[in-house]
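[1] all I have is the shape, not the residue letters:
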């Protein structure tokens, strides 16, 4: 049973973050709950599934959690929330209809972590009062499937991609970060890796991430680190090797070298020019034909010569990547904190 103080806090909630899903709803909540907390607004989580409720209660100790299994439970719960202004939806399960019928509240669709990549679009989106989408690419995807002329759409970027701190002041020395996440990675052959490292422009600071945790039983992968350490010492290369990736490594990075195995869209929010290894004859879009995704604005290479050309064209290629980032993740909306601003505006109106 909830104590009185808990109930009082719940009754003050202005917003509900709803999940009508089963256990997979936990990932949706993990994606959005931190953003609501950062915005410092009064909100509650509303769960419709008993199994998910147990998981959510273990995950969140300080966030208000409500449970309403049936349509009648929903009505009883909403009646108690006297300050409620808006309900946020992260997915489109059938039981959302129990909430949508209460038109005294504003119904806003946020989507989940992978909504933008899902090529499918449902007409149910027209049932919401507002769609808060990440970028123009999300809007264009909807245009291909449904009529959106009369829909209220706000661009908020992907607030989860917000940088952890401002970039450090750049020095004249350039820094390259290589992500090597598994034995299957193209660079995990010692000959290829040492050749690549040895041919970076003189004076570059090189950082390499060898995430051995993914291959802790693979002796060849462990030997790769030993060979690499030996190579950089003999050749007096300014190189630092890390066992795990963390975002702090990106703060002073000019070039981020990766391949499709360890590329993440979140990297577009950083200040580094992404250089993606792509073997000749491989079309990345074909590999993701059932997804709404593009790699057109990312610099790709298949040979060392290609990579050197990317280094020499940094300014133009980075400008292209910024435009690409704006279209796909709404980088300007992230930097302007549009999600928090829109949420706080709802609170004050």
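    That came through fine. Just so you know, these numbers come straight off a predicted model, no measurement behind them.

[2] which stretches of the stretch 151-300 of the chain form helices?
    In the stretch 151-300 of the chain, the segments counted as helices under DSSP state H, counting those that start in this stretch are 190-198, 219-234, 284-287.

[3] what about residue 147, how many neighbours?
    10 (other C-beta atoms under 10 Å). For the C-beta atoms, the positions are set from N, CA and C on the backbone; glycine is no exception.

[4] quick one: the nearest residue to it once chain neighbours are set aside and residue 65, what's the gap?
    Excluding its sequence neighbours, the residue lying closest to residue 147 (C-beta to C-beta, 6 or more residues apart in numbering) is residue 126, at 7.9 Å. Separation of residue 126 from residue 65 (C-beta to C-beta, to the nearest Å): 30 Å.

[5] now do residue 278
    Residue 278 sits 45 Å away from residue 65, going by C-beta to C-beta.

[6] buried residues, stretch 285-295. List them.
    292, 293, 295 (16 or more other C-beta atoms under 10 Å).

[7] neighbouring contacts of that stretch?
    116, 117, 118, 119, 137, 141, 260, 276, 284, 324, 328 (C-beta atoms under 8 Å, 6 or more residues apart in numbering).

[8] could you do stretch 232-241 as well?
    For stretch 232-241, contacts defined as C-beta under 8 Å, 6+ apart pick out 197-198, 200, 203-210, 225, 228-229, 231.

[9] how long is that stretch end to end?
    Terminal residues of stretch 232-241 lie 10 Å apart, using C-alpha to C-alpha, to the nearest Å.

[10] ditto for stretch 331-343
    Terminal-residue distance, stretch 331-343 (C-alpha to C-alpha): 18 Å.

[11] buried ones in stretch 202-209?
    Result for stretch 202-209 [16+ other C-beta under 10 Å]: buried residues 204, 205, 206, 207, 208, 209.

[12] distance-wise, check the residue nearest the centre of the chain relative to residue 161.
    In the chain, the centroid-proximal residue (C-alpha atoms, centre = their mean) is residue 266; its distance is 4.9 Å. Counting by C-beta to C-beta, the gap from residue 266 to residue 161 is 5 Å.

[13] now residue 236
    Counting by C-beta to C-beta, the separation of residue 236 from residue 161 is 37 Å.

[14] the two: which is more packed in?
    residue 161 (19 against 7).

[15] got the confidence number for that one?
    At residue 161, the model reports a pLDDT of 93.

[16] could you list every residue that touches the nearest residue to it once chain neighbours are set aside?
    Nearest non-adjacent residue to residue 161, counting by C-beta to C-beta, 6+ apart: residue 269, 3.9 Å away. Taking C-beta under 8 Å, 6+ apart as the criterion, residue 269 is in contact with 158, 161, 162, 163, 325, 329, 331, 334.

[17] the fourth one: how many residues sit nearby?
    Residue 163 sits with 14 neighbouring residues when counted by other C-beta under 10 Å.

[18] now do the contacts for it.
    By C-beta under 8 Å, 6+ apart, residue 163 lies in contact with 269, 270.

[19] at 10 Å what do you get?
    Residue 163 makes contact with 247, 250, 251, 269, 270, 271, 334, 335, according to C-beta atoms under 10 Å, 6 or more residues apart in numbering.

[20] how about those residues in TSV, adding distance to residue 347 and pLDDT?
    Below are the contacts of residue 163 laid out as TSV (distance: C-beta to C-beta, whole Å; pLDDT from 0 to 100):
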residue	distance to residue 347	pLDDT
247	30	86
250	33	90
251	33	85
269	26	93
270	31	91
271	32	90
334	20	96
335	22	94
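
[21] who wins for neighbours among those?
    Most surrounded of the contacts of residue 163: other C-beta under 10 Å gives residue 334, at 24 neighbours.

[22] and the protein, what are its domains?
    4-158+332-348, 175-328 (automatic domain parsing).

[23] about what we covered before: any residues in contact with both of residue 266 and residue 161?
    Common contacts of residue 266 and residue 161, defined by C-beta under 10 Å, 6+ apart, comprise residue 329.

[24] could I get the buried residue list for stretch 116-124?
    Buried residues in stretch 116-124, defined by neighbour count with 16+ other C-beta under 10 Å: 116, 121, 124.

[25] residue 15: neighbouring residues, count only.
    Neighbour count of residue 15, defined by other C-beta under 10 Å: 24.

[26] my guess is it contacts residue 107. True?
    No - look at residue 15 against residue 107 with C-beta atoms under 10 Å: they stay out of range, at 11.5 Å.

[27] so what sits against both of the two?
    Shared contacts of residue 15 and residue 107, defined by C-beta under 10 Å, 6+ apart, comprise 86, 87, 88.
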